[in-house]
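Colleague: Have a look; sequence and predicted model below, questions after that.
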Amino acid sequence: MRSAAGPGSSGGVPAAAAMTNVYSLDGLLVFGLLLVCTCAYLRKVPRLKAWLLSEKRGVWGVFYKAAVIGTRLHVAVAVSCVLMAFYVLVVK
């Protein structure tokens, strides 16, 4: 006999609670913060900085600009990461 939840479902957990939706505002904020934090970290690694973050224009320029934002505004980025973690883990 088939389950009422159907195949591939996560039991009684709604799909919205199982993962972050990229198309929602909070999902976009989480994605942006992760991009900025990752690029700022990669900027500190010398070999990766020369390889990934050397281009300042085009598609690869987005990573360079995210690294610059993460480096210059490191306090604001850190505070927003903590607030977003609190929101995702406790509020949502």
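Modeller: Structure received.
Colleague: Run through the protein and note the low-pLDDT ranges.
Modeller: 1-22 (pLDDT under 70).
Colleague: what's the longest helix in it?
Modeller: In terms of residue count, the longest helix belonging to the chain (DSSP state H) is helix 25-43.
Colleague: helices or strands up against that one?
Modeller: Packed against helix 25-43 by the contact rule (3 or more CB pairs under 8 Å, 6 or more residues apart in numbering; DSSP states H and E) you find helix 46-52, helix 59-72, helix 74-86. C-beta coordinates here come from the backbone N, C-alpha and C atoms, glycine included.
Colleague: For the first one, list the C-alpha coordinates in PDB.
Modeller: This file holds the C-alpha atoms of helix 46-52, laid out as PDB (Å, rounded to 0.1, in the frame of the first residue of the first chain):
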ATOM      1  CA  PRO A  46      47.600  33.600  -2.500                       C
ATOM      2  CA  ARG A  47      47.400  30.900  -5.200                       C
ATOM      3  CA  LEU A  48      43.600  31.100  -5.400                       C
ATOM      4  CA  LYS A  49      43.700  34.900  -5.400                       C
ATOM      5  CA  ALA A  50      45.800  35.000  -8.500                       C
ATOM      6  CA  TRP A  51      43.800  32.300 -10.200                       C
ATOM      7  CA  LEU A  52      40.100  33.200  -9.400                       C
END
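Colleague: List the buried residues of that helix.
Modeller: Leu52 (16 or more other CB atoms under 10 Å).
Colleague: Thanks again, I'm all set now.
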